[in-house]
Structures are given as structure tokens and as C-alpha cells.
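K.L.:
build me a structure from this.
(one chain, ligands or ions: 1)
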Amino acid sequence: MKDRFDLSGKIVVITGGAGFLGQKHAEAVAEFGGIPVILDLNPIQIDTVIENIRRQYPTQAAGFVADITQEAQVEKICQEILAQFGRIDALINNAANNPKIDDTNQLQNVSRLENFSLEQWNVDLAVGLTGSFLCSKYFGTSMAAAGGGSIVNIASDLGVIAPNQNLYKREGVPEQSQNVKPVSYSVVKTGLIGLTRYLATYWPEKGVRCNAICPGGVSNGQGELFLSRISSLIPMARMARPDELKGAIVFLISAASSYMNGAVIMVDGGRSVW
Ligand SMILES: NC(=O)c1ccc[n+]([C@@H]2O[C@H](COP(=O)([O-])OP(=O)(O)OC[C@H]3O[C@@H](n4cnc5c(N)ncnc54)[C@H](O)[C@@H]3O)[C@@H](O)[C@H]2O)c1
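P.N.:
Model (predicted):
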């Protein structure tokens, strides 16, 4: 059974792979013998992540500077990856605009629905949804042509429950100035679950599976008031640790999940069932 989790030699494309959680996904892939291929906007951050991974694991991790909202770039990078590695085994659609909102956030109220700009809406949907569509189109097509693969969409608990805006409340601040999780985040994350179901039924005979992970909030230096508020909404009474998505990632990419397709897996300490 252990062998079924093995990712030896598997080429795993990770969008937003230089970000906070993307690098954890890349570490998980490398630890199980796979080759993480990171796509991200920031070349310096990509280099740092690749260097860290190569230092820890004997893997040929690779990185490409890419804006996944641009079809020509995604198509070109897909060809470059195929030229370099010969195939693609998995895609993790991880990149999204993920505004860090907590009760200490001093941002103006631009996140509120009344003020949320069409421009920001379009940008957020472009990264989270259009980018995932484009990557699925090119990398998924390549997997289907080569005999199969696994697509993992990183949704969120906010893909299945609404944000509780009370988490972000600041005392003494008028309602119109209170921060909120933006509407685009809920729509992107719910949309990714739709994309998951669509893709799960699109190439099953070609061996391409697609599943979604819905992580709850991950600790990353949030303020104490926010931590105590969010913990009270979670049966396990804490946020996720950054390493706690790795098990689900390896499981869904590997043969250990060979009969899983179209699943929406909550990794949220139980928040969504309470
Ligand atoms: N951090 C959490 O608590 C949490 C919880 C649930 C779900 N998630 C989801 O996990 C994923 C990763 O979140 P994170 O906290 O690591 O965010 P992050 O902001 O640290 O990482 C996102 C990465 O995506 C990259 N990116 C943005 N636009 C891009 C584009 N056009 N092309 C290529 N790359 C682009 C960014 O440069 C960044 O490195 C997101 O989908 C997020 O919604 C995060």
C-alpha cells in the first residue's frame, strides 16, 4: 500500500507554487519522490522556493515565470515543460488572490460589496477561475493524450460555506468601514468546485481524475483576537498548520486515490459541519 503513495518521477505542475501554501504542496510532492514544477509571477520568489526544495530533497524541481491568466503564456509553458520532462502527470490549481483579512487589517473598506470595484472582481476571477480553466485546458489535455493524470483544485471552506464577516470586525469602527472577505473569493472558490465536477466527468476514460480540496484557514501570523474568534467556529478549535494539507495533496495526486474522482474534500478541522 505504501507504494501507492509514491510519486517517483511524477511531474506535478503547481500554479502559485511560490506562495505560502504552494511551496508546501511542492515540498510534499518532492518528499514523495515527485518533481514539482512551479508556475508563479515572481522570479525571485520562484528561485528561493526551488533552492529550498533542492536543498531538502533529491529532486529536479523546476520553476517558470508565468501569468496563468494569459493563454499564450500557459500554452508556451506547457510546451516547454513537455520538452524538458516529456510529460505532465498532475496539476494543482492553487493560484488565487487570497486577501489576508483579519481584525487587525487596516485596509480601507474597498473589500465591502458596496465599494468592491469591477476591476478587482475581474482580476480575482481571472487568476482564480480563468487561470484554473486555462491550466486545465493545456495541462489536462496533455495528460489525457498521454494516458491520464490527476488535477487537484485548491478551493476553500469558503467554497461551501459563507464567510462569517464577524471574524473581521473591529471595535468602534462604523459598519461601512469594516473589513469583509470580498465577494470574489466566495465566487472563485465555489466556481472551482464546479470546475472540479466538470473536469471529473470530462476525461475519465482517458484516465484524468479531478478532485478538490477545501482547506480552512491556515495559521500565518494572524492576530490574537482573530485567532480566538475563528477557533470558536472550528470543532478542533484551531486553524490548520501550514503542513496539514500535505497528506491530502499527496493522496489525491498519487495512485492511493485511484478511484477518487469529483470529490470535494474538506480539510477544515470540522468548521463546515458545525
Ligand atoms: N492561506 C489560507 O489560509 C488558505 C485557506 C484556504 C484556501 N487557500 C487557498 O490556497 C491557495 C494558496 O493560498 P496562499 O495562502 O498560499 O496564497 P498566496 O497569496 O501566498 O499564494 C498565491 C500565489 O499565487 C501567485 N499568483 C497570483 N496570481 C498569479 C497569476 N496570474 N499567475 C501565476 N501565479 C499567480 C502569487 O504570486 C502567489 O505566489 C489559494 O487558492 C487560496 O485561496 C488558502
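K.L.:
F64: helix or strand, and which one exactly?
P.N.:
strand 62-65 (DSSP states H and E).
K.L.:
and the protein, which residues reach the ligand?
P.N.:
Within reach of the ligand by CB under 6 Å from any ligand atom, the chain has these residues: 15-16, 18-22, 39-42, 66-69, 94-96, 98, 127, 131, 154, 156, 215, 217-218. The C-beta positions use only the backbone N, C-alpha and C, and glycine is treated the same way.
K.L.:
redo that, cut-off 5 Å
P.N.:
With CB under 5 Å from any ligand atom as the criterion, the chain comes near the ligand at residues 16, 18-21, 40-41, 67-69, 94-96, 98, 127, 154, 156, 215, 217-218.
K.L.:
quickly note the distance from the closest residue to S257 other than its chain neighbours to the ligand.
P.N.:
With CB to CB, 6 or more residues apart in numbering as the criterion, S257 has its nearest non-adjacent residue at 5.1 Å, and that residue is F251. Noted for F251: a distance of 17 Å to the ligand, by CB to the nearest ligand atom, to the nearest Å.
K.L.:
who's in contact with the residue nearest to L129 when sequence neighbours are not counted?
P.N.:
Among residues not flanking L129 along the chain, G191 sits closest, at 4.9 Å (CB to CB, 6+ apart). By CB atoms under 8 Å, 6 or more residues apart in numbering, the residues touching G191 are 125, 128-129.
K.L.:
is it true that G191 lies in a helix?
P.N.:
Yes. Under DSSP: H, G, I helix; E, B strand; the rest coil, G191 sits within a helix.
K.L.:
per-residue pLDDT, it?
P.N.:
Among the per-residue scores, G191 shows a pLDDT of 98.
K.L.:
chain neighbours aside, what residue packs nearest to A256?
P.N.:
R4 (4.2 Å).
K.L.:
give me the pLDDT value at that neighbour.
P.N.:
98.
K.L.:
against G128, how distant is the spatially most central residue of the chain?
P.N.:
Among the residues of the chain, the one closest to the centroid is N94, at 2.4 Å (CA atoms, centre = their mean). N94 sits at a distance of 10 Å from G128 (criterion: CB to CB, to the nearest Å).
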